[in-house]
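Colleague: Structure for this input, please:
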Amino acid sequence: MSYRYIPECADGSYYTGSTWEIDKRLWKHQHGLGANHTKKHLLVKLVYCEEYDRIDEAFSRENKCRVGRERKKMR
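Modeller: Below you'll find the model as predicted:
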C-alpha cells in the first residue's frame, strides 16, 4: 500500500508528499527529519490522506496537486 498525504505545518502552511510507510514518514516530519519544508515549519497534524495500490499512482497524484498549486500562485 502507498499513500499521498497532506499535513498542516505549525505556521498554517501545507505540504504534500507520497510514501509507503505513512506512520514512519509523519514521525520523521514531526521530528524535523522529513522534507525541507517540514524541517522549517514542523508538521502539526495530518489533514488528508489517500491510499493507492502502487507508489507511482501516489506520486502522480502528488505531482498533479503541486502543479495546480503552482498555477494558482502564478495568477
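Colleague: how deep is Tyr48 tucked in, by neighbour count?
Modeller: Around Tyr48 there are 12 other residues, counting by other C-beta atoms under 10 Å. C-beta here means a position set from N, CA and C on the backbone, and glycine is covered the same way.
Colleague: And for Val47?
Modeller: Val47: 10 surrounding residues under other C-beta under 10 Å.
Colleague: Which secondary structure state does it sit in?
Modeller: strand (DSSP: H, G, I helix; E, B strand; the rest coil).
Colleague: Give me the nearest residue to it, chain neighbours excluded.
Modeller: The shortest distance from Val47 to any non-neighbouring residue, by C-beta to C-beta, 6 or more residues apart in numbering, is to Glu8 (5.0 Å).
Colleague: Backbone dihedrals for the one you found, both of them.
Modeller: Main-chain dihedrals, Glu8, degrees, to the nearest 10: phi -100, psi 140.
Colleague: do the same with Arg4
Modeller: Note on Arg4: its backbone torsions stand at phi -110, psi 130 [degrees, to the nearest 10].
Colleague: likewise Glu21?
Modeller: The phi/psi pair for Glu21 (degrees, to the nearest 10) reads phi -120, psi 90.
Colleague: I'd like the distance between it and Ile55.
Modeller: Counting by C-beta to C-beta, to the nearest Å, the gap from Glu21 to Ile55 is 11 Å.
Colleague: of those two, who's got more company?
Modeller: Ile55 (15 against 12).
Colleague: so who does the residue nearest to Val47 touch?
Modeller: 14, 43-47 (C-beta atoms under 8 Å, 6 or more residues apart in numbering).
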